[in-house]
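> Here is my input, please return the structure:
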Amino acid sequence: MPAPSSASPADGLRFAFGTLTVLPAGLTRWDRAAARAGMLCAPVVGLVVGVVAAGAALVLLLLGAGPLLAAVASVAVPAALTRGLHLDGLADTADGLGSGKPAEDALRIMKQSDVGPFGVLTLVLVLLAQVAALAQAYGDSWARGALAAVVSAVAARLALTLAARPGVPPARPEGLGAAVAGVVPVRGAAVAVLLVTGVLAGAGAALGAPDALRAGLAVLVAAGAAELLLRHCVRRFGGVTGDVFGGLAETAATTALVVMSLG
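Numbers count the residues shown, from 1 in each chain. I've put the predicted structure just below:
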């Protein structure tokens, strides 16, 4: 048994899959050590989600479907595997930010079960952007579409790893935000960025140097976009919540797809 101050890689994977997906993970630990290992493993969750999303699209392409339907499948699968929690978090974050209310009131708006106009508009635009970018990628080739689906899913979860670093406080004393806030060491976050960028650029290299460059750049730009949103949310809300984490993931995923569609 691991010591209370440490967690094994298996504990980390159970935490990551148990909190970030609906996949059965056998989550047994909910402490800071498990959260640290889990958030460091978040990009691995993204890899699995991205591969499943790409696989669903490729099945449709093999059955004769067009790039647009394949793109819709690649967007629907991550939503299904997370019960739509990231999209819901994005909508709630948009409502909280768009309300213009003080932090306490904005956080109360975010906890409400309904989705306001800012949330609806954000969801529509984000989903349209994701489908459009993926349709373009699948229209170029099945391999480019699959790569884009994987890159976006991994970049989305990498944003969560980075947001769980020290110096980013929770906005509430409870919830996922409080459970993972500040658990990832800065060095661990930096290593995660380097590993994810290198691995995805290497995967893109199988399609050629431009795709390798595009994949690596997509990760970095997505991380930058998520960082901008994170800082804005910390200023507005006083910290992060589970909803903010969902908003960061969808922001990073969408940004990565836009970058993958350029050039």
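
> helices or strands up against the helix or strand hosting residue 34?
Element membership for residue 34, per DSSP states H and E: helix 32-40. The helices and strands touching helix 32-40, judged by 3 or more C-beta pairs under 8 Å, 6 or more residues apart in numbering; DSSP states H and E, are helix 9-20, helix 142-163, helix 176-180, helix 186-205. Where you see a C-beta, it was placed from the backbone N, CA and C, and this is true even at glycine.

> Put together JSON lines for those helices, with mean pLDDT on each row.
As requested, the helices and strands packed on helix 32-40 are arranged in JSON lines below (pLDDT from 0 to 100):
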{"stretch": "helix 9-20", "mean pLDDT": "92"}
{"stretch": "helix 142-163", "mean pLDDT": "98"}
{"stretch": "helix 176-180", "mean pLDDT": "83"}
{"stretch": "helix 186-205", "mean pLDDT": "97"}
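
> so can I have JSON lines of the ones you listed showing distance to residue 128 and mean neighbour count?
JSON lines is the format used below for those (distance: least, C-beta to C-beta, whole Å; neighbours: other C-beta atoms under 10 Å):
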{"stretch": "helix 9-20", "distance to residue 128": "24", "mean neighbour count": "22"}
{"stretch": "helix 142-163", "distance to residue 128": "15", "mean neighbour count": "28"}
{"stretch": "helix 176-180", "distance to residue 128": "27", "mean neighbour count": "22"}
{"stretch": "helix 186-205", "distance to residue 128": "24", "mean neighbour count": "17"}
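
> And those: which comes nearest residue 244?
Using C-beta to C-beta as the measure, helix 176-180 is the one of these that comes nearest residue 244, at 6.5 Å.

> Name the residues that touch the closest one?
If you take C-beta atoms under 8 Å, 6 or more residues apart in numbering as the criterion, helix 176-180 is touched by 19, 30, 35, 38-39, 160, 164, 170-172, 239-242, 244-245.

> Which one (most neighbours) among the residues you listed?
Each of those was scored by neighbours using other C-beta atoms under 10 Å; the highest score is residue 38's, at 33 neighbours.

> show me what contacts that one?
By C-beta under 8 Å, 6+ apart, the neighbours of residue 38 are 7, 11-16, 19, 180.

> likewise residue 115?
The neighbours of residue 115, taking C-beta under 8 Å, 6+ apart as the test, are 88, 91-92, 95, 123.

> related to what we said a few turns ago, nearest to residue 219, out of the contacts of helix 176-180: which one, please.
For the contacts of helix 176-180, with residue 219 as the reference and C-beta to C-beta as the criterion, the closest is residue 160, at 13.6 Å.

> Need the nearest residue in space to the closest one, chain neighbours excluded.
Counting by C-beta to C-beta, 6 or more residues apart in numbering, the nearest residue to residue 160 once its immediate chain neighbours are dropped is residue 42, at 4.8 Å.

> Now do the end-to-end distance for stretch 237-248.
Terminal residues of stretch 237-248 are spaced 14 Å apart (C-alpha to C-alpha, to the nearest Å).

> what separates that stretch from the chain centre, distance-wise?
12 Å (C-alpha atoms, centre = their mean, to the nearest Å).

> do the same with stretch 144-158
Average the C-alpha atoms of stretch 144-158, do the same for its chain, and the two points are 9 Å apart (C-alpha atoms, centre = their mean).

> mean confidence for the one helix or strand residue 247 maps to?
Element membership for residue 247 (DSSP H and E) is helix 242-261. Across helix 242-261, pLDDT averages out at 97.

> what's the spacing between it and its chain's center?
Between the mean C-alpha location of helix 242-261 and the chain-wide mean there is a distance of 6 Å, by C-alpha atoms, centre = their mean.

> Next, the angle from that helix to helix 142-163.
140 degrees (axes from the mean of the first three to the mean of the last three C-alpha atoms, to 10 degrees).
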